[in-house]
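Asker: Got a sequence here, can you model it:
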Amino acid sequence: MSNSVEENREAAPEVSIAEAQERVDRWIREVGVRYFSELTNLAQLVEEVGEVARILSRTYGDQSFKDKEKELDLSDELADVLFVLICLANQTGVDLTSAFLRNLDKKTVRDAARHAANEKLESPPE
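Answerer: Residues are numbered from 1 along each chain as shown. Predicted coordinates for the structure are as follows:
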C-alpha cells in the first residue's frame with residue numbers, strides 16, 4: 001500500500017516549507033479566488049483529518065473498507081491536510097518553517113530523556 005519516503009522523494013521534486021506556503025498562496029490567488037475564512041478552513045482541516053483517520057482505522061484497525069472507500073488514497077488525504085494547514089498558516093501570518101524548527105527544538109529539550117526511559121517504547125507494538 002505505501003512506498004517508503006525515500007521512494008516517493010525520488011519521484012517528486014523537493015519543496016521547502018516556505019516554497020509550499022508560497023505555492024499555496026499563489027494557487028489561492030490564481031485558482032481559488034480567495035482564502036476561505038479561518039473558521040471554514042478549520043472545519044475543512046477537521047474534515048480532512050477525519051478522512052485520514054478513516055483510512056488508517058480501516059487499514060490498520062478492526063474496521064473494513066466499504067466498497068466506495070476502497071479508492072481512498074492515504075497520500076492524497078495527507079496532502080489535503082497539509083494544504084489546508086498551509087492555508088491556515090498563510091492567512092494567520094504563521095511562518096511554518098520557523099514554527100516547525102522552534103517546535104522541534106522544544107520537543108528535543110523537553111523529551112531528551114523521556115522517550116528513552118519509556119518502557120513502552122522498548123519493543124515494537126503488536
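Asker: Which residue comes closest to residue 97 once chain neighbours are left out?
Answerer: Leaving out its chain neighbours, the residue that sits closest to residue 97 by CB to CB, 6 or more residues apart in numbering is residue 17, at 4.5 Å. Quick note: C-beta positions are derived from backbone N, CA and C, even for glycine.
Asker: quick one: that neighbour and residue 100 touch, right?
Answerer: Yes - contact criterion CB atoms under 8 Å: residue 17 and residue 100 qualify, at 6.4 Å.
Asker: Which secondary structure state does residue 34 sit in?
Answerer: When classified by DSSP: H, G, I helix; E, B strand; the rest coil, residue 34 comes out as coil.
Asker: if you skip the residues just before and after it, what's nearest to it?
Answerer: Nearest residue to residue 34 in three dimensions, chain neighbours excluded: residue 28, at 6.8 Å (CB to CB, 6+ apart).
Asker: do the same with residue 121
Answerer: residue 115 (5.9 Å).
Asker: Out of residue 17 and residue 100, name the residue with the larger neighbour count.
Answerer: residue 17 (17 against 11; other CB atoms under 10 Å).
Asker: Look up how far residue 71 lies from that one.
Answerer: Distance of residue 17 to residue 71, given as CB to CB, to the nearest Å: 29 Å.
Asker: ditto for residue 81
Answerer: 18 Å.
Asker: which stretches of the chain have low pLDDT?
Answerer: In the prediction, the chain carries residues with pLDDT under 70 at positions 1-10, 126.
Asker: Please repeat the previous calculation with a cut-off of 90.
Answerer: 1-13, 63-72, 111-126 (pLDDT under 90).
Asker: now the helices for it?
Answerer: Using DSSP state H, the helices of the chain run over 5-11, 17-27, 38-60, 74-92, 96-110.
Asker: Out of these, which one sits most buried?
Answerer: helix 74-92 (a mean of 17; mean count of other CB atoms under 10 Å).
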